[in-house]
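Asks: How does the following fold in three dimensions:
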Amino acid sequence: MTQPSLAQELVSVLRDPDPGARQLALTQIEDLSDPEILHPLIEAVRDGDPTVRALALGHLEDLGDPRAVPAILQALDDEETHVREAAATALRELRATDAAMDLIDAMRHDDPFVRMSVIVALRELRDPRALEHLEGALLDPAPEVRREAVVALAYLRRPETAAALRGSLRDPDARVRQVAIGALESLGAAAQVQDFVGLLSDPDWRVRVEAAIVLGRSAHGLAAPHLRSALEDGAWQVRKEAALALGRLRAASATPDLVALLGSDLPDLRKAAAQALGELAAAAAEAPLQRLLGDTDAEVRKATARALEAIRAGAGRHGTFARD
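Replies: Residues are numbered from 1 along each chain as shown. A predicted model of the protein is given here:
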């Protein structure tokens, strides 16, 4: 008499009226090599017990078989949060390009969570057929879906998507604008510096912070005067990143502004100003920095000592990339 296969055993146990028995059967599966096991696992995704459904999805994640995609997509609609999350995880781990068209079709789903999960899955598949659909998702009515689409396009790093991403810099949602800045930077979109400069006036301080950080890495002369203006921003976080950016740009003309910032009441700003002046190797800042060696904040004292060392040793790089 032949031994029943794992799939046959599983089918039998999954018919048990006791959900505990069904759960136990799924937790004890260690070998997924039986080619017939896919079908009972797909059936288990529709089980009446949510724990059984979640466990089955976990095994489907491990299998990575594209034939399971319709069942996983259906589970994204599950009434239980942990089942929906298990389905989303299973999609993210899917590496079968055969699933791309099923996923693309699901981008029309009514539920934003489903659309977000599908975008993440398409990102991981890196299928070029998804690009136009991901660009289309930049106009999705749900801001969380638009954010996920921006992240996906940044991850894929396709230069041809820069124009679509540039539109996201004007998105009504601040978080979308924020991630769009980083996305464009990841594409090496140096031509967008003017757009980043404009975002230093964005109504949301987090967007202004991101713009200042990216501009500090741009090595572009246009940025310096705008970053100097940002040293007067109402949010201290923006002032801090503007100071650090000016240091990275070697914007020597900002030396007086940075020296003035050494007198801030906020230790984070004093530290940022000292770091920037050290980057500039600004000899004119030596005396004001000397006074900070007795600062009450240890981090400020450390940054000041390093800045003075750079100035005295001439360790900073010479010349300026950014000029007013």
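
Asks: show me where pLDDT drops low in this structure?
Replies: 1-4, 96, 189-191, 315-324 (pLDDT under 70).

Asks: Which single helix of it contains the most residues?
Replies: Secondary structure of the chain per DSSP state H: the longest helix is helix 298-313.

Asks: hey, C-alpha coordinates of that helix in CSV?
Replies: Presented in CSV, the C-alpha positions along helix 298-313 are these (Å, rounded to 0.1, in the frame of the first residue of the first chain):
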residue,chain,number,x,y,z
ALA,A,298,29.1,68.3,24.4
GLU,A,299,28.2,67.7,20.8
VAL,A,300,28.6,71.4,20.0
ARG,A,301,32.1,71.4,21.6
LYS,A,302,33.1,68.4,19.6
ALA,A,303,31.9,69.9,16.3
THR,A,304,33.7,73.1,17.2
ALA,A,305,37.0,71.5,17.9
ARG,A,306,36.8,69.6,14.6
ALA,A,307,36.0,72.8,12.7
LEU,A,308,38.9,74.6,14.3
GLU,A,309,41.2,71.8,13.5
ALA,A,310,40.1,71.9,9.8
ILE,A,311,40.6,75.6,9.6
ARG,A,312,44.0,75.6,11.2
ALA,A,313,45.3,72.6,9.2
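
Asks: Run through who's touching stretch 69-82.
Replies: 42, 45-46, 50, 53-54, 57, 60, 83-84, 86-88, 90-91, 94, 99, 102-103, 106, 109, 111, 113-114, 117-118 (Cβ atoms under 8 Å, 6 or more residues apart in numbering). Every C-beta, even on glycine, is put in place using the N, C-alpha and C of the backbone.

Asks: how about 6 Å then?
Replies: 42, 45, 50, 54, 57, 83-84, 87, 90-91, 99, 102, 106, 114, 117 (Cβ atoms under 6 Å, 6 or more residues apart in numbering).

Asks: now stretch 104-114
Replies: Contacts of stretch 104-114 (Cβ under 6 Å, 6+ apart): Leu73, Leu76, Arg115, Val118, His133, Ala142, Glu144, Val145.

Asks: in what helix or strand does the first one lie?
Replies: It stands for Leu73. Using DSSP states H and E, Leu73 falls within helix 69-75.

Asks: next one: the fifth one
Replies: Secondary structure assigned from DSSP H and E places His133 in helix 131-136.

Asks: Distance-wise, check Asp34 relative to Ala7.
Replies: 5 Å (Cβ to Cβ, to the nearest Å).

Asks: picking that back up, quick check: which helices or strands does the longest helix of the chain pack against?
Replies: Counting contacts by 3 or more Cβ pairs under 6 Å, 6 or more residues apart in numbering; DSSP states H and E, helix 298-313 packs against helix 267-280, helix 286-292.

Asks: Now render those as CSV, adding distance to Leu222 and mean neighbour count.
Replies: Output for these, formatted as CSV (distance: least, Cβ to Cβ, whole Å; neighbours: other Cβ atoms under 10 Å):
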stretch, distance to Leu222, mean neighbour count
helix 267-280, 18, 25
helix 286-292, 28, 15
